[in-house]
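Undergrad: When you get a sec, could you give me coordinates for this:
(one chain, ligands or ions: 1)
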Amino acid sequence: MLSPAADAMAPFARALADAQKGQRSALRFRRRDGSTHEVAAQDFLQPFGYTRLERALLDELLARCHPGARLLDVGCGAGRHARHLAERGFEVDAIDQSPEVVDVARRLGAPARVASIWSLPLKHEYGGALLLGNSVGLVGSLARLPPLLARLSRMTPLVVLDSVDYGEGHGQVQVCLEYRGESGAWFDWLHVARSELRAAAKPAGLRVQFLEVEDEEPYGAILSRETIPSPLPTSKARR
Ligand SMILES: C[S@@+](CC[C@H](N)C(=O)[O-])C[C@H]1O[C@@H](n2cnc3c(N)ncnc32)[C@H](O)[C@@H]1O
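TA: Below you'll find the model as predicted:
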């Protein structure tokens, strides 16, 4: 299994840095099967630039957390969600394992630091955690999803995430990022099927509610510790 080493993210960091300077920066995701998919790096600078689902998920997070709560943004990228939350008075610990990506986030004013979710001490307690832009995919393989959720469940009673459901057993892809002729290292990126998420969340003591936005392929999920009563959904959250 290939983890997304920091250098795999170098093209992402460069595209974000150029987008920050106002340059149009098309980032390409290349899969091992040869298929490619292009996104504008600008989308990863705006809190809700990539999907409408992101707004719905952040609204859910804000509705369920105490004002000023400490939040963990895992795989924060350019820190677009961390900035949005910090501006609303939350104390955000935004982590990303790529130093180059963190540099961009910090230049944009996000409270970001270099850290991996796997090295964060479990004693840290957060009001909520977010893994957006399919940051949950950083696990790389389905086998590593239960340990990630168990770890998060030890640190926080609430997790919001998004992913894409390609069906059970079809979500693991090898990807390399390309930007302006430069390619990063190949890494495994997981897209988690809804049923796989539910199965992995159960042993971690997490209940899953899905959140859908019309005409968007990614789905959202709100994971809450079974022992913590969860308030009524404020948007289109459903069990
Ligand atoms: C697809 S990007 C999503 C960025 C951001 N959440 C967003 O929506 O704009 C995934 C990010 O996860 C980071 N990452 C990968 N493995 C990680 C790990 N083990 N711990 C923390 N961050 C990691 C990558 O460097 C990358 O910036």
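Undergrad: ranges for the helices of the protein?
TA: Per DSSP state H, the chain carries helices over the ranges 10-20, 53-64, 80-87, 99-107, 145-155, 194-201.
Undergrad: Mean neighbour count added to the ones you listed, as CSV?
TA: Placement of C-beta: from N, CA and C, glycine included. Putting those into CSV (neighbours: other Cβ atoms under 10 Å) gives the following:
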stretch, mean neighbour count
helix 10-20, 23
helix 53-64, 20
helix 80-87, 22
helix 99-107, 20
helix 145-155, 19
helix 194-201, 18
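Undergrad: Is it possible to get TSV of those that adds mean pLDDT?
TA: Formatted as TSV, those follow (pLDDT from 0 to 100):
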stretch	mean pLDDT
helix 10-20	95
helix 53-64	95
helix 80-87	96
helix 99-107	95
helix 145-155	96
helix 194-201	98
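Undergrad: do you know which of those lies nearest the ligand?
TA: Minimum separation from the ligand across the helices of the chain (Cβ to the nearest ligand atom) falls at helix 99-107, 4.5 Å.
Undergrad: so does that closest one get close to the ligand?
TA: Yes. Judged by Cβ under 6 Å from any ligand atom, helix 99-107 and the ligand are in contact via V101.
Undergrad: With stretch 42-57 instead?
TA: Yes. Judged by Cβ under 6 Å from any ligand atom, stretch 42-57 and the ligand are in contact via F44.
Undergrad: what does that stretch rub up against?
TA: 12, 16, 19-20, 24-25, 39, 58, 77-78, 80-81, 83-84, 108, 130, 132-133, 160-162, 211-213, 216, 218-220, 222, 235-236 (Cβ atoms under 8 Å, 6 or more residues apart in numbering).
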